[in-house]
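Q: structure here, sequence nowhere to be found:
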Ligand SMILES: [Zn+2]
């Protein structure tokens, strides 16, 4: 068999001092491995594979944990998006939800959601509410992109009467308040 002409340079292992290709026969092969991976990967392809495998494991672990946390945040977002969307498709329950929101301790806002489900034009309703309660009222997009009416000040005590008197199609039984995070019937 014709011997391949070897390059004159012999790579000596910096750990055990043997030519790198003999490291595996030396007594310190384990210690040599990191150096070999760095400096003589061609001589020990298996070594490289092993270490890549470990690295790959680490990476895939990281990927997994990342995708788990990403996954959960995505599903949360989807929940928020799906809830109202799903309800609309099925047949949205006709109800009006009123919530008093306090901002900056003093400033109260009363939000009214759902008037549009009774065929009420929100911009009209907003004007009427502002006039009736002599305050600012505006149509804004709520957290789920649905439009709601924000009325400045706490009008939650008079609002039910006003709604049922102004829009006769709205029964008082369809009006709810959010109190301490719970939805309670207004009547
Ligand atoms: Zn060595």
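A: Ah, there it is. Everything quoted here is computed from the prediction, not taken from an experiment. Numbers count the residues shown, from 1 in each chain.
Q: only C-alpha atoms for contact and neighbour calcs from this point on.
A: OK.
Q: what does this structure have sitting close to the ion?
A: Within the chain, the positions lying close to the ion (Cα under 5 Å from the ion) are 13, 15-16, 23, 32.
Q: any idea which of those has the most stuff around it?
A: The most crowded member of those, judged by other Cα atoms under 10 Å, is residue 23 (23 neighbours).
Q: the residues of the chain next to the ion in strands, which ones?
A: With strands taken from DSSP state E, there is no overlap with the residues of the chain next to the ion.
Q: make CSV out of those residues and add pLDDT.
A: Formatted as CSV, these follow (pLDDT from 0 to 100):
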residue, pLDDT
13, 93
15, 93
16, 93
23, 92
32, 92
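Q: of all pairs in those residues, which one is the farthest apart?
A: Using Cα to Cα, the two most remote members of the residues of the chain next to the ion are 15 and 23, lying 9.0 Å apart.
Q: could you tell me which residues touch both of these two?
A: Counting by Cα atoms under 8 Å, 6 or more residues apart in numbering, the residues touching both residue 15 and residue 23 are residue 32.
Q: surely residue 102 and residue 111 touch.
A: No. The pair residue 102 / residue 111 is not scored as a contact, 10.5 Å apart, by Cα atoms under 8 Å.
Q: tell me which of these two has more neighbours.
A: Relative neighbour count places residue 111 above the other of residue 102 and residue 111, with 26 against 13, counting by other Cα under 10 Å.
Q: so what's that one bridging to?
A: On the basis of DSSP bridges, residue 111 is bridged to residue 99, residue 150.
Q: for it, give me the pLDDT.
A: Listed pLDDT for residue 111 reads 94.
Q: just residue 61 next, same as before
A: The predicted local confidence for residue 61 is 58.
Q: go on, residue 170?
A: On the pLDDT scale, residue 170 gets 93.
Q: tell me how many other residues crowd it.
A: Neighbourhood size, residue 170 [other Cα under 10 Å]: 21.
Q: residue ranges with poor pLDDT in the protein?
A: 1-8, 50-91 (pLDDT under 70).
Q: please enumerate the strands of it.
A: Going by DSSP E, the chain shows strands at 96-103, 107-113, 137-141, 147-152, 175-179, 182-185.
Q: most tightly packed of those strands?
A: strand 147-152 (a mean of 23; mean count of other Cα atoms under 10 Å).
Q: which helices and strands does that one pack with?
A: For strand 147-152, the packing partners by 3 or more Cα pairs under 8 Å, 6 or more residues apart in numbering; DSSP states H and E come out as strand 107-113, helix 122-132, strand 137-141.
Q: tabulate the ones you listed (JSON lines), appending distance to residue 181.
A: Putting the helices and strands packed on strand 147-152 into JSON lines (distance: least, Cα to Cα, whole Å) gives the following:
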{"stretch": "strand 107-113", "distance to residue 181": "14"}
{"stretch": "helix 122-132", "distance to residue 181": "24"}
{"stretch": "strand 137-141", "distance to residue 181": "20"}
